[in-house]
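Peer 1: The amino acid sequence is not available; the structure is as follows:
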């Protein structure tokens, strides 16, 4: 209930601050009559920095959309904020796509779609920075939540000790230092 209300409040905040909010409900579902806490997709056009939808991670069917004048300004927009959990690029221009991939940092990237990177079990999923750290799913998730114990066993012939590199320091240490200073 709390999460559902939070998302509803954020859409209302965007509307109150001048955004155009389009509700995408092609099947004309009655979401108000359902107790499932479902929401249709809300596209928030002309989102501004003062709107909560541009300040918080959403985790819901709200898609803020902003205009930009070119790929460099779009990249600058991404880079001036905290690193996003997900970044979505739409477009056929391969050099533009490459610029976005090379010049931004995010938890994951989806090209020409949204959210599907989360459902790909063979791809790592996770954030960098405020959106979380680590990778989840498949082998990457196993590695994230596992700790490989490092074990080192010194050989019977301790070469470092013979070379005078371990205490107690004495003649072997002096000989090693003299060899290294030549």
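Peer 2: Sure, I can see it. Since we're looking at a predicted model, the values are computed, not measured. Numbering: from 1, shown residues only.
Peer 1: For the residue nearest to the spatial centre of the chain, which non-adjacent residue is spatially closest?
Peer 2: By Cα atoms, centre = their mean, the mean C-alpha position of the chain lies nearest to residue 107, the distance being 2.1 Å. Among residues not flanking residue 107 along the chain, residue 127 sits closest, at 3.9 Å (Cβ to Cβ, 6 or more residues apart in numbering). To be clear about C-beta, it is placed using only N, CA and C from the backbone, and glycine gets the same treatment.
Peer 1: what about that neighbour, how many neighbours?
Peer 2: 20 (other Cβ atoms under 10 Å).
Peer 1: likewise residue 135?
Peer 2: 20.
Peer 1: Could you pull out the strands in the protein for me?
Peer 2: Applying DSSP state E to the chain gives strands spanning 20-24, 41-45, 62-65, 86-89, 108-111.
Peer 1: about what we covered before: didn't the residue nearest to residue 107 look like it was pressed against residue 105?
Peer 2: No. The pair residue 127 and residue 105 does not pass the contact test of Cβ atoms under 8 Å, sitting 10.4 Å apart.
Peer 1: what sits in contact with each of those two?
Peer 2: Counting by Cβ atoms under 8 Å, 6 or more residues apart in numbering, the contacts common to residue 127 and residue 105 are residue 83.
Peer 1: could you point out the longest helix in this protein?
Peer 2: Longest helix of the chain, by residue count under DSSP state H: helix 2-16.
Peer 1: now the angle from it to strand 20-24?
Peer 2: If you take axes from the mean of the first three to the mean of the last three Cα atoms, to 10 degrees, helix 2-16 sits at 130 degrees to strand 20-24.
Peer 1: and helix 2-16, which residues are buried?
Peer 2: Residues of helix 2-16 classed as buried by neighbour count (16 or more other Cβ atoms under 10 Å): 7, 10-11, 13-14.
Peer 1: how about the strands of the chain in JSON lines, adding distance to residue 100, mean pLDDT and mean neighbour count?
Peer 2: Formatted as JSON lines, those follow (distance: least, Cβ to Cβ, whole Å; pLDDT from 0 to 100; neighbours: other Cβ atoms under 10 Å):
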{"stretch": "strand 20-24", "distance to residue 100": "25", "mean pLDDT": "96", "mean neighbour count": "13"}
{"stretch": "strand 41-45", "distance to residue 100": "21", "mean pLDDT": "96", "mean neighbour count": "18"}
{"stretch": "strand 62-65", "distance to residue 100": "16", "mean pLDDT": "93", "mean neighbour count": "18"}
{"stretch": "strand 86-89", "distance to residue 100": "5", "mean pLDDT": "88", "mean neighbour count": "18"}
{"stretch": "strand 108-111", "distance to residue 100": "8", "mean pLDDT": "89", "mean neighbour count": "16"}
